[in-house]
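J.: Let me see the structure of the following:
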Amino acid sequence: MKKIIFLLILIALAFGASCNSKKTAGNATPTITKGVAPIADPEIAVIEMENSAAYGTIKIELYSNIAPKMVARFKELAKEGVYDGTTFHRINQSVIQGGDPLSKDNDPSNDGTGQSDKPNVPAEFSDLKYDTGIVGAARGQDFDSANSQFFITLKREPGFDNRYTIFGKVIEGMNNVFTISGVQPKVGERPVEAVRVKHISIVPREQAK
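T.: Next comes the predicted model:
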């Protein structure tokens, strides 16, 4: 009888451990929206650079039907002026990345580690492909950790597919994106001389022509 009771206890403990491991696994790959064509939002984002003679402007159409939460966040931060004065702090052969409020300060060592004071945005993954000019939401290891940072792809990046939220695409000024991508010198991926955003405007598409 004691052996039977002992065996039942072992089974119960094993079952409990199994259930607990499933609960704590976390960070499972989010659902991927498939077969939905992007529809350009009535508003676009216009990125004006501080050194306009060198870097011009970049116009981005936004896909609120694909990533409504991230588009809403991007618009909100732009309208609040959070992006004003931030830099493209990370430039490599794949992307230019910006949107970190910490890049406004005089400490370059913290660039890329910051975010807004708003909650993180959950993943809104889709089967859209990361091609040239796609705008994606940067994140940490947690799929649901997008916040304020964003990146623009310089070429086709299949390794990004289904792993980062796509919320827009450059429709004008890709030549300026490539100019920024070629900035030298750099320390690692960060330009020595800051490539700084003056302002991001959210405007009706017809007013941005």
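
J.: Pull the number of nearby residues for the nearest residue to K155 once chain neighbours are set aside.
T.: In space, and not counting its chain neighbours, K155 is closest to T132: 5.5 Å by CB to CB, 6 or more residues apart in numbering. Every C-beta, even on glycine, is put in place using the N, C-alpha and C of the backbone. Applying other CB atoms under 10 Å, we find 15 residues neighbouring T132.

J.: what do you get for Q97?
T.: The number of residues packed near Q97 is 21, by other CB under 10 Å.

J.: rewinding a little: pull the contacting residues for the residue nearest to K155.
T.: For T132, the contacting residues are T153, L154, K155, R156, M174, by CB atoms under 8 Å, 6 or more residues apart in numbering.

J.: Tell me the spacing between the residue nearest to the spatial centre of the chain and S145.
T.: Nearest residue to the geometric centre of the chain (CA atoms, centre = their mean): A137, 1.3 Å. Distance from A137 to S145, counting by CB to CB, to the nearest Å: 9 Å.

J.: before we move on, the earlier item: bridging residues for the residue nearest to the centre of the chain?
T.: Taking DSSP bridges as the rule, A137 bridges to F150.

J.: Looks like V36 contacts I66 (just checking).
T.: Yes. Counting by CB atoms under 8 Å, V36 touches I66, with 6.4 Å between them.

J.: on that earlier part again, look up how far V170 lies from the residue nearest to K155.
T.: 8 Å.

J.: if we can go back for a sec, helix, strand, or coil at the residue nearest to K155?
T.: The three-state assignment at T132 reads coil, by DSSP: H, G, I helix; E, B strand; the rest coil.
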